[in-house]
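Undergrad: Pasting the sequence and the predicted model now:
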Amino acid sequence: MRPIEYFEPPVASKVNYINAQYGLKSWLLTKDHKRIALLYLGSITFFFFIGGLYALMIRLELLTPQGDFLQSATYNKVFTQHGIIMIFFFLIPSIPATLGNFLVPMMIGAKDLAFPRINLLSWYIYLLGGVITIYALLAGGVDTGWTFYTPYSTTFSNSYVVAAGLGIFINGFSSILTGLNFIVTIHTMRAPGMTWFRMPLFIWSHYATSLIMILGTPVIAITILLLAFERVSRVGIFDPALGGDPILFQHLFWFYSHPAVYIMILPSMGVVSELIANFSRKNIFGYSFVAFSSLAIAVFGFLVWGHHLFVTSQSVYAGMIFSFLSFAVAIPSAIKVFNWTATLYKSSISYDTPMLYALGFIGLFTVGGMTGLFLASLAVDVHLSDTYFVVAHFHYIMVGGALMGYLGGLHYWWPKITGRMYPEGWGRFSALVIFVGFNLTFLPQFVAGYLGMPRRYHAYPPEFQVFNVLSTAGASILGFGMLIPAIYFVWSMRYGKRAEANPWHLPGLEWRTQSPPPTENFEVTPIVTWEAYEFAPPEETQVVGKFGPELEQI
Amino acid sequence: MADVMNSHGSTQAHGHRALQHHFENMEQQREAGTLGMWVFLVTEIMFFGGMFLAYTLYRSKFPAAFASASNHLDIKLGAINTGVLILSSFTMAMAVYSTQVGKRRQQILCLIATLILGLTFLGIKAVEYHDKYTDHLIPGHLIPGNPFGPAVQEHGQPLDHHKLHLLEGATLPQVEMFYWIYFAMTGMHALHMIIGAGLLTFLLIYSIKGRFDPEYHSPVEVIGLYWHFVDIVWIFLFPLLYLLGRHLEHG
Amino acid sequence: MQSWIPLVPDSASTFSWKVDALYFYLSGVTLFFALLISAVLIFFVIRYRRRTPYEIPRPIAGSHKLETLWTIIPFVIAMTMFGWGARVYFEQYKPPANAIEVYVVGKQWMWKLQHATGQREINQLHVPVGRKVKLIMTSEDVIHDFFVPAFRTKADVVPGKYTTLWFEATTPGTYHLFCAEYCGMNHSGMIGSIIVMEPREFDNWLSGNTGNTTPAAAGQQLYQTLGCASCHGANGEGGRGPTLAGVFGKTTQLQTGESVRVDEKYLRESILNPQAQIVAGFGPIMPTFQGQVSEDQLLQIVAFIKSLPAGGQTQTPAPATSPTPKAK
């Protein structure tokens, strides 16, 4: 068998990317992908808590059937802004711009992304978009729903639609630039020996995500731009009163916004692939199937937008085609779930916090994905569309899926990013609290949805109250659960146990350099001679007795 | 783009002075730059794609209005502009070639020619826009004080180029829709031309400073790609916007 | 009769049990797979927990057999869901020929409904059990959505076009009517009720609500006042404009050589945008009525044209329950 060289800790130097330079300027003008990842981390966390605050307001309002906590005009703004902030300013950039930015170059053995300045530019664009959007919120808010359906948004709404649209338009370019950077980096900057099929699945999923970012985002950009011009100039290509077609807007909008769901979930699937393999010390079962299923999702994801329009009087034949394709896009996701599960067979599973999140992800994503089938199924969707069933379904995907993956990844790479360990006990505790709170919040909404409770209702018939009380109770647990990591992560940056170069004892490239890494990631360009997740040499057929000398100290 | 363009203070002992620290060699840097531009152009196609979709939808919905409005566009200026752009693509290609073979003088001349042709295009476009302005063909309330309201040519009147000749079945709101799409598409194209002219100026300054050589020419190449793309967009826009229903007018 | 927390809404239309059956099938499959995955996960997590910090499990590369198996099985299951869903959907969106028609106009934030016999209702709709009801819907402002959970059906109500929805109620009672497409400030107030009655009661209700002009009669008045008669003839027999009598539901030849089915949508389009689809043999001389007629009035004119018998003989349109028109 081969020696244990994979796990050799590199010579630790005192200089790393964090202490290489000091001062505000060294951060704001940095071209280091790791520092930019931290800039993103700070800003998306800020937006996450704003979005969370709105979520709390929604749940408080819905505790009782009457509209007693907020006025209906305020409530409409609150749910709109919750959607805009969470989707465009948290979920879409969450994993790619923080973990992806930090890890894509490290995992393929590059010194940086291909275009460091463009990377920094993308953060400033994100920030500019964010500032404009916040201006829209403070100046008076937006009340169109995050979907901006015309002609309400173009002609009838008396709110800051143009400003919010401009914010989203600008923000779109940050995600285009991130996607562009990833694609070029993955194509041209892999270390010697890092072939396509040696890449960690995290990279594959980011590659697929980037494809969606560059192909989809421009379409939403032009759509929002046309909408804004229409509002200003009162010539309409979306407003029937001006000769336009409001359904055209919905086609263009969902052409991006459905694939955007995959922008949110694919990176998370990548993280989960890493966690499942690494915390069970096992290569991923059916690596190439998991890798290609990411690409399949990215491609098929562009062909299913019409399933958002089953009740808009689109032709029944179009409906059938979109329904068929929507069922087809479920298959690659199913393949992933089965392969993750099979990976655990005869493995060595640890119960560290990141693994808890990964296991939670598989369960919640299964429920979220399967309930998607209800909405792809034409007749049932007619009853369910625009009800709380839809709300529950996409929160299972976006919170139960994307957010769980993000938190799992953040715990997993925290020692690499900061050089400190987070407190494991608190980590497990909060993972449990979040899991319970999440299910209590959204499980009742499936039932409320089938019973017919429409979404975006400020007041509702009293028979739905029991579900809303459960939901609100769950949301408070969920909110509390989210605060715990926020506190201990900040705490650990100063007081956490110092992390070794490779605290989890893993073979991935990012663990073969010090924690935190030096500015150029590796002292010398690594030469890759192993497969992804190669814990045991490939010719190994027996379970190895001992892991390695340095592990015995544990 | 700025990344490939700039030979910022990289002080590596080996390699070209324009080699950035995170690339292994010039070859890798050039490959990254070119691929980056191709990927960017894909996003551009999708960006214009949304407008082409709207165009297709409304042209099939209001064919007569689109033909009438298209007939009112100045086909001569449009054709001249098409020629100007095709010529500029040629000079751009020559600029890339002369950089690759290290003919600096020729490179600078070609860049200047491309820039002048680009500005000519924008100038002619401005003239066209001004004509639309004086004929009250700016859709909606885009320009305050000059709402859409062109004079309509009546049957039997002598031909007046400032009047809109409405074909059978066309209505003014539909014509307004055409002009809305016309301004959205050509405006977006002009914006790309302006950005292109800025990039050319940048290239020009750098080549006068002598930053490019046969080993380091990817900025010229990459901006060349961009310039060709913007030209190609116009090659699509010209027939789609200017050449609709010409046979109806004369036949 | 009902459990403490109901899991399905009231069932009151012929679609209800069909959608419920599919829903239960989907729920069953979901539950099965969710439990299967969870059980296997929990079993693996306990069985293969890390016992010593040193252990390295034996690598397994994967299995094409298994991959094929778990690609094909989900695909087959998904296709059953697809086929079943599509079948019921086709039924939901294929309006029957012999249905009672009700005109619906949505506006911020109310539903205006009118029966073919003239009765107007606001945020309420009375329908009989056992008869097919077809709604012809449009909106005055933004997109709304007519949603009756107990009937398991909904359809968007889109400004600028007609959408249809049909159902056949099965159980008398009062059911929710929701606007399901977000439509602005008072969206959650745009609710109403559907009152399903026994046919006999419904007929009583209809005759008890007299004093309304039928939409067709109102349409006839508009037809006169707007001057349609001067070209299309007093009874739609035609003249400078094409014949209207008896054209509804037929196919007509256009100037462009194409042919088009004369339905509500075509009539509406021809009133608002007469130049778009001109009947063969006529000139583009009709002015547009855009802005001069409201959505309600459009529906009335359409109802009048539909009521005209072929041949253009003089006839009073569909008998009103009360001959004296009353101010609204």
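TA: Good, I have the coordinates.

Undergrad: how near is C:Leu69 to A:Ile284?
TA: With distances taken as Cβ to Cβ, to the nearest Å, C:Leu69 is found 18 Å from A:Ile284. To be clear about C-beta, it is placed using only N, CA and C from the backbone, and glycine gets the same treatment.

Undergrad: And for A:Asn76?
TA: 45 Å.

Undergrad: same question, A:Ile397
TA: Separation of A:Ile397 from A:Ile284 (Cβ to Cβ): 22 Å.

Undergrad: out of those two, which sits in the more crowded spot?
TA: Shown here are A:Ile397 and A:Ile284; by other Cβ atoms under 10 Å in any protein chain shown, A:Ile284 has more neighbours (27 against 23).

Undergrad: Tell me the secondary structure of the more buried one, please.
TA: Three-state call for A:Ile284 (DSSP: H, G, I helix; E, B strand; the rest coil): coil.

Undergrad: Report how many residues lie close to whatever residue of chain B ends up closest to chain C.
TA: Closest to chain C within chain B is B:Gly169: 4.5 Å, counting by Cβ to the nearest Cβ. B:Gly169 sits with 21 neighbouring residues when counted by other Cβ under 10 Å.

Undergrad: Equivalent analysis for A:Gly179, please.
TA: Other residues lying near A:Gly179 total 27 when counted by other Cβ under 10 Å.

Undergrad: And whichever strand or helix holds it, what's buried?
TA: Element membership for A:Gly179, per DSSP states H and E: helix A:161-188. Buried positions in helix A:161-188, judged by neighbour count with 16 or more other Cβ atoms under 10 Å in any protein chain shown: A:161-188.

Undergrad: likewise stretch C:245-257?
TA: Buried residues in stretch C:245-257 (16+ other Cβ under 10 Å): C:Ala245, C:Gly246, C:Val247, C:Phe248, C:Thr252.

Undergrad: so where is chain B shaky, pLDDT-wise?
TA: For chain B, the stretches with pLDDT under 70 are B:1-15, B:155-156, B:246-251.

Undergrad: Walking through it, point out its helices one by one.
TA: Counting by DSSP state H, one finds helices in chain B at the ranges B:2-5, B:26-61, B:63-72, B:75-100, B:104-134, B:172-208, B:218-242, B:246-250.

Undergrad: between those helices, which one is nearest to C:Gln292?
TA: Set against C:Gln292 and scored by Cβ to Cβ, those come closest in helix B:172-208, at 15.1 Å.

Undergrad: residue contacts, A:Thr441?
TA: Counting by Cβ atoms under 8 Å, 6 or more residues apart in numbering or on different chains, A:Thr441 touches A:Arg59, A:His395, A:Ser471, A:Gly474, A:Ala475, A:Ile477, A:Leu478.

Undergrad: which ones are touching residue 166?
TA: You didn't say which chain, so I picked chain A. A:Leu166 touches A:Ile132, A:Ala228, counting by Cβ under 8 Å, 6+ apart.

Undergrad: my question was about chain B
TA: B:Ala65, B:Ser68, B:Val152, B:Gln153, B:Leu172, B:Val175.

Undergrad: Quick one: mean pLDDT for the helix holding A:Gly179?
TA: Mean pLDDT, helix A:161-188: 95.

Undergrad: How about stretch C:103-118?
TA: In this model, stretch C:103-118 has an average pLDDT of 90.

Undergrad: Any part of that stretch near chain A?
TA: Yes - contact of stretch C:103-118 with chain A (Cβ under 8 Å from any Cβ of the partner chain) involves C:Gln108.

Undergrad: Now the stretch 51-200 of chain B against chain A: closest residue?
TA: Closest contact between the stretch 51-200 of chain B and chain A, by Cβ to the nearest Cβ, is at B:Gly140 (3.4 Å).

Undergrad: thinking that residue is in contact with A:Val235, fair?
TA: Yes - at 3.4 Å, B:Gly140 counts as touching A:Val235 under the criterion of Cβ atoms under 8 Å.

Undergrad: And the strands in chain C, which stretches?
TA: C:100-107, C:110-115, C:120-122, C:124-128, C:132-139, C:144-148, C:153-157, C:163-168, C:173-179, C:192-197, C:251-253, C:259-261 (DSSP state E).

Undergrad: deepest of those, which one?
TA: Of all the strands of chain C, strand C:144-148 has the most neighbours on average by mean count of other Cβ atoms under 10 Å in any protein chain shown, namely a mean of 28.

Undergrad: In PDB, list the C-alpha atoms belonging to it.
TA: What follows is strand C:144-148, C-alpha atoms only, in PDB (Å, rounded to 0.1, in the frame of the first residue of the first chain):
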ATOM      1  CA  HIS C 144     -56.100  37.600 -10.900                       C
ATOM      2  CA  ASP C 145     -56.800  33.900 -10.400                       C
ATOM      3  CA  PHE C 146     -60.200  32.300  -9.900                       C
ATOM      4  CA  PHE C 147     -59.600  29.500  -7.400                       C
ATOM      5  CA  VAL C 148     -62.100  27.200  -5.800                       C
END
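
Undergrad: who's in contact with it?
TA: Contacts of strand C:144-148 (Cβ under 8 Å, 6+ apart): A:311, A:386, A:452, A:454, C:13, C:104, C:106, C:111, C:135, C:137, C:153-157, C:165, C:167, C:175-181, C:183, C:190, C:194.

Undergrad: Which positions in the stretch 151-251 of chain B make contact with chain A?
TA: Residues of the stretch 151-251 of chain B lying close to chain A (Cβ under 8 Å from any Cβ) are B:Pro173, B:Gln174, B:Glu176, B:Met177, B:Trp180, B:Ile181, B:Ala184.
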